[in-house]
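Peer 1: structure here, sequence nowhere to be found:
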């Protein structure tokens, strides 16, 4: 009888448990920015609806007042130059226009050696633009966020 109980206990301990809440995967992405006004990637591909955990690392040495970087994902159809010009006027908000309807998600503005992590759900299928909004950086610091 004890052998049967031990057998059943062992069997139950190795049988899978249906836990649908634990089935979701988080897509962890790291983007580096440096003192040469560059992101280390120009394209990021994800799946629609996927949970994204994006970390921006400023691997440079300069402070944010001189070489600040952020990672800003813009909605589809936003004119990058127009948004960047508006962002330049938002110094008091780390170069992000307050109450903007053009931003999906953004990191904090960082100085050398700092990092910030944001978590968000990937938008619907399409190609979006990400930029750094520090004045003058968007020309070099932009890329595509492709949602499949």
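Peer 2: Noted; the coordinates are in hand. None of these values were measured; they are calculated from a predicted model.
Peer 1: what number of residues lie near residue 89?
Peer 2: 11 (other Cβ atoms under 10 Å). The way it works is simple: take the backbone N, C-alpha and C, and place the C-beta from them, glycine included.
Peer 1: for residue 87, see how far away the nearest residue to it once chain neighbours are set aside is.
Peer 2: Spatially, and ignoring its direct neighbours in sequence, residue 89 is nearest to residue 97 (7.5 Å; Cβ to Cβ, 6 or more residues apart in numbering). For residue 97, the distance to residue 87 equals 6 Å [Cβ to Cβ, to the nearest Å].
Peer 1: more neighbours: those two, which one.
Peer 2: Higher neighbour count among residue 97 and residue 87: residue 87, with 26 against 17, using other Cβ under 10 Å.
Peer 1: give me the pLDDT for the nearest residue to the more buried one once chain neighbours are set aside.
Peer 2: Once flanking residues are discounted, residue 87 sits nearest to residue 133: 3.9 Å by Cβ to Cβ, 6+ apart. At residue 133, the pLDDT value in this model is 98.
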